[in-house]
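Trainee: Next one to model:
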Amino acid sequence: MSGERPRPAAGERFKTGNKEFDEIVKFTGGSAVLVLDESFAEGRNFIQALFAKMPIMEIISPRGSSESRMFLHVEVDNLQSLSIQVNTVRKTHQPMILLHLYLPDILVKHGEENVLRMINFWLDEIRRNGHLEFFIIPKHTFTDFERKLLAIVDGALELSVERKQSGYETFFTPIRLSDDRHNLKPVSYVIDDGKLLVRPEVQTPESALSRIRQLLISGEEVKVVFTGKHAGKISLNHYFLLREVSGWSLSWVGEAFWDELDDVLKSLGILYDMGVVKFVTIPVDRSFLNEKVDNYGQKLAVVFTAAFEELAETTTDYLNHDKDLQLGQALSYLRQLYARLYSYSRSYMESISFDTLLAKMLREQLGLKADVKKKSSKIFVVEVKSCPVCGELDTIENQQHCQETFSPILVGAAKAVLKTGVDVSEMECIGKGGKKCVFVIKVLS
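Mentor: Numbers count the residues shown, from 1 in each chain. The predicted structure follows:
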């Protein structure tokens, strides 16, 4: 039609005019962007400062106020009326910034599913009309809605505040709005005299944890990938962990390492900052674990025996570590790690009781003559005959060596399957004159 105004090409770059910001975040016309903000007001200030030289239309509820030169009060009691008002703005204005500030009102009045359905219906209109639209909601207030909306919009900006010794520091974190160098990485900023000033990127363990946790709760299918890039001087624990969860779904990591999730996610975040791991939005089939479970069992057998020395030799040079300083503290961790990986993978693939799984692992993977008896829902007894560890006690001064060898393995398996804390104690030991080695696993919860 001759009277229709020209529209920008699909995906055309929408620059903010802030050079530092535009090097990090790439907006395009016809995009819907979620803004997550703890205070709600900061998100509004952020967008106003970012687009200070461009026209912004604030869309607000009847009880809201605006200092913007352009604003629209919309009907919040009726979603159909609201939708008509907003679509009229889209069709009658040249491409501009639309700032939606009424979401908390309609979420309370109409429920999350109805609001989500309306926004999902809008997405075609947003792309067709070429506006850049921001939807602001207070972070962690409507958590289910936040997760679902994040899955359908084009991307998000998460605003956060961190307490520092000198006061507070503010950050924005781009989600699916940047390339791999900047995606999910917090960037420090300040708003000074109405202007957004972007500071050099700051990377801390706390911010790394926040980014990866946000990715985990987003509900997206995300694959963890080890890039092969040199990791620098990191711990053996971190090295083996990142290598073994490469190819895993991030949700599997959350399930398998439920009890130390903050530490694991923080490690992954730091390694992501270093370029050692990356996250790919792609489904991971459970058959992957079927292919890996025997490999985890084989590696468990390696760290169970003296053959661990050979494994360590191949990694300490890569990590620039003195292996004599690392083996003592790493060995217990690795025994628990591989027992956990094997047990989680086996239980994820098939319905199997904990006592049956543990017995199969001890017999088939470690070659032990072992029995596991379930005494109650909270007590399991493990009996090992001809214990290979006790056979070495004549050359080992530490008489607790048997328990120190088995406990991490039993704890790792129990935590992976039972999803609860456990206590392991040795009740009888061949190395101390017993007829067999007997361990009791007690569920703590």
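Trainee: Skipping adjacent residues, who's closest to residue 368 in space?
Mentor: Spatial nearest neighbour of residue 368, excluding adjacent residues (C-beta to C-beta, 6 or more residues apart in numbering): residue 362 at 4.7 Å. The C-beta positions use only the backbone N, C-alpha and C, and glycine is treated the same way.
Trainee: residues touching the one you found, list them.
Mentor: 368, 370, 372, 382, 384 (C-beta atoms under 8 Å, 6 or more residues apart in numbering).
Trainee: Please repeat the previous calculation with a cut-off of 10 Å.
Mentor: Going by C-beta atoms under 10 Å, 6 or more residues apart in numbering, residue 362 touches 304, 339, 368-372, 382-384, 406, 409-410, 413.
Trainee: who does the helix or strand containing residue 408 touch, helix- and strand-wise?
Mentor: Residue 408 belongs to helix 401-418 when assigned by DSSP states H and E. Judged by 3 or more C-beta pairs under 10 Å, 6 or more residues apart in numbering; DSSP states H and E, the packing partners of helix 401-418 are helix 250-256, helix 287-304, helix 323-349, helix 354-360, strand 379-385, strand 422-428, strand 437-443.
Trainee: Could you check the angle that helix makes with helix 323-349?
Mentor: Angle, helix 401-418 to helix 323-349, by axes from the mean of the first three to the mean of the last three C-alpha atoms, to 10 degrees: 40 degrees.
Trainee: Next, the angle from helix 401-418 to strand 422-428.
Mentor: Using the same axes, to 10 degrees: helix 401-418 against strand 422-428 is 140 degrees.
Trainee: Tell me the buried residues in helix 401-418?
Mentor: Neighbour-count burial for helix 401-418 flags 401-403, 405-418 (criterion: 16 or more other C-beta atoms under 10 Å).
Trainee: Tell me the spacing between the residue nearest to residue 368 and residue 31.
Mentor: Note on residue 362: its distance to residue 31, by C-beta to C-beta, to the nearest Å, is 55 Å.
Trainee: pLDDT score for residue 394?
Mentor: Here the pLDDT value assigned to residue 394 is 48.
Trainee: quick one: low-confidence ranges for this protein?
Mentor: 1-11, 68, 164-167, 200-209, 230-236, 306-329, 391-400 (pLDDT under 70).
Trainee: so which helix or strand takes in residue 33?
Mentor: strand 31-37.
Trainee: er, residue 246 I mean
Mentor: Per DSSP H and E, there is no helix or strand for residue 246.
Trainee: Who are the contact partners of it?
Mentor: 223-228, 276-278.
Trainee: what about burial for the residues you listed, which qualify?
Mentor: Buried subset of the contacts of residue 246 (neighbour count, 16+ other C-beta under 10 Å): 223-224, 226-227, 276-278.
Trainee: which of the residues you listed sit farthest apart?
Mentor: Farthest pair in these (C-beta to C-beta) is 223 and 276. Separation: 15.1 Å.
Trainee: who touches residue 97 in this structure?
Mentor: Per C-beta under 10 Å, 6+ apart, neighbours of residue 97: 14, 16, 27, 47-48, 50-51, 54-58, 68, 70, 131-134.
Trainee: Give me the spatial nearest neighbour of it, chain neighbours excluded.
Mentor: Nearest one to residue 97, counting by C-beta to C-beta, 6+ apart, is residue 56 at 4.3 Å.
Trainee: Residue 48 is in contact with the one you found, correct?
Mentor: Yes - taking contacts as C-beta atoms under 10 Å, residue 56 lies within contact range of residue 48: 6.5 Å.
Trainee: Of these two, which one has the most company?
Mentor: Neighbour count, other C-beta atoms under 10 Å: between residue 56 and residue 48, residue 56 has more, with 21 against 18.
Trainee: Angles on the backbone of that one, please.
Mentor: phi -130, psi 130 (degrees, to the nearest 10).
Trainee: Next one: it from residue 88, what distance?
Mentor: 17 Å.
Trainee: First-to-last residue distance for stretch 348-368?
Mentor: Start-to-end span of stretch 348-368 (C-alpha to C-alpha, to the nearest Å) is 24 Å.
Trainee: what about stretch 52-62, start to end distance?
Mentor: Start-to-end span of stretch 52-62 (C-alpha to C-alpha) is 24 Å.
Trainee: Find out how far it is from the centre of the chain, if you would.
Mentor: Mean-position distance between stretch 52-62 and its chain equals 33 Å (C-alpha atoms, centre = their mean, to the nearest Å).
Trainee: buried ones in that stretch?
Mentor: Buried positions in stretch 52-62, judged by neighbour count with 16+ other C-beta under 10 Å: 56-61.
Trainee: which among the contacts of residue 362 end up buried?
Mentor: The neighbour count (16+ other C-beta under 10 Å) marks 304, 339, 368, 370-372, 382-384, 406, 409-410, 413 as buried among the contacts of residue 362.
Trainee: closest to residue 268 among the residues you listed?
Mentor: In terms of C-beta to C-beta, no member of these lies closer to residue 268 than residue 339, at 20.6 Å.
Trainee: After the strand holding residue 33, which helix or strand is next? Please name it.
Mentor: Using DSSP H and E, the next helix or strand after strand 31-37 towards the C-terminus is helix 41-50.
Trainee: Residue 371 versus the nearest residue in space to residue 405 that is not next to it in sequence, what's the distance?
Mentor: In space, residue 405 comes closest to residue 389 once its chain neighbours are excluded; the distance is 4.9 Å by C-beta to C-beta, 6+ apart. In this view, residue 389 and residue 371 are 17 Å apart by C-beta to C-beta.
Trainee: hmm, back to that, export the strand holding residue 33 to PDB, keeping only CA atoms.
Mentor: C-alpha atoms of strand 31-37 as PDB (Å, rounded to 0.1, in the frame of the first residue of the first chain):
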ATOM      1  CA  SER A  31      13.100  -7.500  19.000                       C
ATOM      2  CA  ALA A  32      11.500  -8.200  22.400                       C
ATOM      3  CA  VAL A  33      13.900  -7.900  25.300                       C
ATOM      4  CA  LEU A  34      13.300  -8.900  29.000                       C
ATOM      5  CA  VAL A  35      14.800  -6.600  31.600                       C
ATOM      6  CA  LEU A  36      15.300  -8.300  35.000                       C
ATOM      7  CA  ASP A  37      15.800  -5.800  37.900                       C
END
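Trainee: That strand pairs with which strands?
Mentor: strand 132-138 (parallel), strand 155-164 (parallel) (DSSP bridges).
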